[in-house]
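Chemist: give me a 3D structure for the following:
(chains A and B)
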Amino acid sequence: MKLKPNFTWKIWILIIAILLSLISVFGIPPVALQKGVLVTSVEPNSAAFEAGFKEKMIITAVDGQSVKDANEFSELISNKFRQTGNESIAVIFNTNLAEIVYFSNKLPEITFSDNLPSNLKFGLDLIGGSRALVQAEDKKLSSEEMRDLVDTTQNRLNEFGLTDLKVRQVSDLEGNQFMLVEIAGATPQDLESLISQQGKFEAKIGDEIVFIGGKRDIASVCRGDSTCARIDSPRQSGGGYVARFSFGITLSADAAKRHAEITEKLDVNSSNPQYLEKPLDLYLDDNLVDTLLISEGLKGRVTTQISVSGSGAGATAEEAFDDAEEKMHKLQTLLITGSLPFKLEIVKLDTISPALGGEFLRVIIIALLTAIGVVALVVFARYKKMKSSLALLLTSLSEVVIILGISVVIKWNLDLPSIAGILIVVGTGIDQQIIILDESRRGAFLSLKQRMKRAFTIIVGAYFTSVVAMLPLLWAGAGLLKGFAFTTIIGITTGVLITRPAFADMIRRIEE
Amino acid sequence: MTEQKENKETQSKTKEKQRFKTRVARFHDKYYKHLLLIPALILLFFFVYMGIFYSNTGDFIHRDISLTGGTTITVAFANIDLDDLKENLTDRFDSFNVREISNLRTRKQIAVVIETTTEPEEAKQALEDYFGFELTNENSSTEFTGTALSKGFFRQLLIAVLLAFVFMALVIFIIFRNFVPSAAIIISAFADIFMTLTFLNILGIQMSTAGIMALLMLIGYSVDTDVLLTNRVLKRKEGTLNSRIYSAFSTGITMTLTSLLAVIAALLVVSSFSAILTKIFTVLIIGLCFDLLNTWITNVSILKWYVVSKERD
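Modeler: Okay, the predicted model is just below:
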């Protein structure tokens, strides 16, 4: 028998679909072959952050020396910074986006890994990250309030230094509205309070509000500049340590005028004549954060420069310092972004460690291959025909490839429900191919074409029942199981439109 | 000489096969209505069991954390004696569940998973006390779902299953436009799901969101073979009724057995690694077994009854 490439157009469509999918998954040229190191995270507000390092950046060379993988890169830069001591050095990093000049005496605060093997994007439940589902407490939000909430949260998290995140509104079958926050990679420890905190900041003198957090009253906040934002060295206090922080803010003209009007009415403190009789109290969500004495010279003056302060505590000096740093960072963020007009409640919070992700994917791939291997054995045993069985297996595999390809094109993150969806697609795919194979060998008085037509009435019937069975899941449970319904529908649709017709043609070629 | 012998052998083999087939057909013709008693009795027994189960627990299933709300903490890189951990946590948590994740090849423990109804902060604290190190986002995963949300999830997933079932039923009616055969498919699909649920209760297996996803998969899988059967029996004219049923059977059984074996193989790989996939596969395996019963006894008998009585008219 000669091998003639007498493919029908249906088979060609399948081949083209597979090729396009492979291209979208692996890229041209294949991303796996691109040399370099992938930046997986950048410490917010660090020197590396300021220098312009960004997540997902690919570092290709350091000081002109090209880097192949993460090990080499790690060795190279630790050598460079080994003997710097207190002296800063300049290192030039070549990346796929821009050239970065990094000037410091410390290693850049970034995490990195070998370049990714493909363009596939995986969900947080597989590669690690956080996901929070947030609801307003005892209140149904209008769509406008919801939009405000999403914007403020997005803004807050961005100001905090998180970049790789998604904040969006989701609703469920019962009409409940939620805000879904998804953050890839490493998670900040205090994510919970950042998301759910109302963040109502008020500076009061007595009962009168001088200014509140947000753009209206605060023109700018000093951050990452040691001349106007600092943490004092921790002092021993009680059984532990306390560290004070302070940073400057610039009030808007209105807020400054208000400050003048209120202080005008105050007398000088009789026992401590350097200061006014009442202090400036700083409240965060109605809790007193700090009390600042107002120096007598500020009475009635329109002043735009104010220093905000607070303190952190801990068992050791180091802990106190870290706590102060964290609190300062959060307060700065809240002052910039302002407060939310309602209280929030986190109804679901998942933080998945990236540690188990790799192993997890490996297990899933092995499970999929084992399952397909078993199918191969059963099919060979049943039909005892090499070619048809092989065609069946290859078609099933091609379905997986096409689903993955489509997921890259539409930027779908493959999460665990999606993987389950792929499994069901492979399962029903094989089932339907068995129907085609069986129909082709039945009803000898019919032409092969008629027999195939019969197979397809069954397949299309089964297709519609499966699709409608998946539809409700697109909305149920705040859409957290959407991936399952989505991949299943994409997969079986591909099956009916592309792979099944091609498989029928293959079988016809083989049987004739 | 040898060729002739072989020929004879195959001839006698096909003859034997033929004889066997006729015997089965004769048996089936005589007793197919009686066969319906098997699923009917199982169904009856399961209905009674479910009734008792419901009056005892006030629920139709054992719900796990994903449907009741609670905290799941996974701690990686720990080498923990599970029994010791359990003993230690008994005083601190009201209700909890501990399992381990192990490496596929070496079977060595790579993480422990603790599920509890306790709030995440409190649970974390208790575990930190036990482990003696801080649980960070690097060495552990924390998943928390609020009670109200979980209840909502559960309600909605039930609605999803019901809607899926109703949609499926509509599509079946549209495809066949024939009441009894369509109803037969829907009855066997319902029996699949109901029997699977009850059987999970009997085994004491908890249901999770993943398990409910598997039920949805099951609707698709179970209907596949029923559609195949009904299509072959009603829309084909060639051959006797029995031969049409038999042809559907030989295709359908290949389909279901292939799926079943593939799922069992996959389960062996993922068990002890992913609770979610393990649950999905377990539910599918039970469901596919009941599907064999319901397609090839329940559905076949009702369909045959219908066709035979119609032919008589």
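Chemist: mind listing the strands the host helix or strand of B:Ile110 pairs with, and their directions?
Modeler: Assigned by DSSP states H and E, B:Ile110 falls within strand B:109-116. Using DSSP bridges, strand B:109-116 pairs in its sheet with strand B:70-76 (antiparallel), strand B:96-102 (antiparallel).
Chemist: flag every residue of the stretch 51-200 of chain B that's near chain A.
Modeler: Residues of the stretch 51-200 of chain B found near chain A (CB under 8 Å from any CB of the partner chain) are B:74, B:76-77, B:101, B:103-104, B:110-111, B:120, B:136-146, B:148-149, B:152-153, B:155-157, B:159-161, B:163-165, B:167-168, B:170-172, B:175. To be clear about C-beta, it is placed using only N, CA and C from the backbone, and glycine gets the same treatment.
Chemist: and whichever helix in chain B runs longest, does that touch chain A?
Modeler: Determined from DSSP state H, the single longest helix within chain B is helix B:2-35. No - against chain A, helix B:2-35 shows no contacts by CB under 8 Å from any CB, the least distance being 14.3 Å.
Chemist: list the buried residues in that helix.
Modeler: B:25, B:28, B:32, B:35 (16 or more other CB atoms under 10 Å in any protein chain shown).
Chemist: give me the low-pLDDT residue ranges for the chain?
Modeler: The chain I'm using is chain A. A:1-6, A:44-45, A:84-85, A:163, A:185-190, A:357, A:443-446 (pLDDT under 70).
Chemist: think we crossed wires, I meant chain B
Modeler: Using pLDDT under 70, chain B drops low at B:1-6, B:78.
Chemist: coming back round to it: name the helices or strands packed onto the helix or strand following the longest helix of chain B?
Modeler: Later in the chain than helix B:2-35, the nearest helix or strand by DSSP H and E is helix B:37-57. Applying 3 or more CB pairs under 8 Å, 6 or more residues apart in numbering or on different chains; DSSP states H and E, one finds that helix B:37-57 makes contact with helix B:179-203, helix B:275-293.
Chemist: make sure A:Phe484 is actually in contact with A:Leu423.
Modeler: No - look at A:Phe484 against A:Leu423 with CB atoms under 8 Å: they stay out of range, at 9.9 Å.
Chemist: chain neighbours aside, what residue packs nearest to B:Met168?
Modeler: Nearest-residue entry for B:Met168: A:Thr465, 4.7 Å, with adjacent residues in sequence omitted and distances by CB to CB, 6 or more residues apart in numbering or on different chains.
Chemist: ditto for A:Ser295
Modeler: Setting aside the residues directly before and after it, A:Ser295 is nearest to A:Tyr275 in space (CB to CB, 6+ apart), at 5.9 Å.
Chemist: would you list every one of the helices in the stretch 201-313 of chain B?
Modeler: B:209-235, B:241-270, B:275-293, B:300-312 (DSSP state H, counting those that start in this stretch).
Chemist: in JSON lines, list these along with mean neighbour count and distance to A:Ala70.
Modeler: As requested, those are exported to JSON lines (neighbours: other CB atoms under 10 Å in any protein chain shown; distance: least, CB to CB, whole Å):
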{"stretch": "helix B:209-235", "mean neighbour count": "25", "distance to A:Ala70": "34"}
{"stretch": "helix B:241-270", "mean neighbour count": "20", "distance to A:Ala70": "29"}
{"stretch": "helix B:275-293", "mean neighbour count": "23", "distance to A:Ala70": "30"}
{"stretch": "helix B:300-312", "mean neighbour count": "16", "distance to A:Ala70": "60"}
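Chemist: show me the contacts for the residue nearest to A:Ser295.
Modeler: Going by CB atoms under 8 Å, 6 or more residues apart in numbering or on different chains, A:Tyr275 touches A:268-269, A:293-296.
Chemist: again, only using 10 Å
Modeler: By CB atoms under 10 Å, 6 or more residues apart in numbering or on different chains, A:Tyr275 lies in contact with A:266, A:268-269, A:292-299.
Chemist: for A:Ala381, same thing?
Modeler: Counting by CB under 10 Å, 6+ apart, the residues that A:Ala381 touches are A:389, B:254.
Chemist: for the residue nearest to B:Leu261 when sequence neighbours are not counted, the count of nearby residues, please.
Modeler: The shortest distance from B:Leu261 to any non-neighbouring residue, by CB to CB, 6+ apart, is to A:Val374 (5.0 Å). Other residues within reach of A:Val374, judged by other CB atoms under 10 Å in any protein chain shown, total 18.
Chemist: same check, this time on the one 5 residues further on
Modeler: The tally of other residues near A:Val379 (other CB under 10 Å) stands at 23.
Chemist: quick one: what helix or strand has it in it?
Modeler: When elements are assigned from DSSP H and E, A:Val379 belongs to helix A:357-383.
Chemist: give the buried residues for the very next helix or strand once past that helix.
Modeler: Later in the chain than helix A:357-383, the nearest helix or strand by DSSP H and E is helix A:386-409. Of all the residues in helix A:386-409, those buried under the rule 16+ other CB under 10 Å are A:388-389, A:391-393, A:395-408.
Chemist: how is chain B divided into domains?
Modeler: B:23-63+B:149-312, B:70-145 (automatic domain parsing).
Chemist: tell me which of those domains lies nearest to A:Lys54.
Modeler: domain B:70-145 (20.8 Å; CB to CB).
Chemist: span of that closest one from start to end?
Modeler: With CA to CA, to the nearest Å applied, domain B:70-145 spans 5 Å between its terminal residues.
Chemist: now the residue nearest to A:Ser295: how far from A:Glu296?
Modeler: 6 Å (CB to CB, to the nearest Å).
Chemist: which stretches of the stretch 1-150 of chain A form helices?
Modeler: Using DSSP H, counting those that start in this stretch, helices in the stretch 1-150 of chain A cover A:9-26, A:47-51, A:70-80, A:124-127, A:143-160.
Chemist: so which of these gets nearest A:Arg382?
Modeler: Among the helices of the stretch 1-150 of chain A, helix A:9-26 sits nearest to A:Arg382 (CB to CB), with 23.6 Å.
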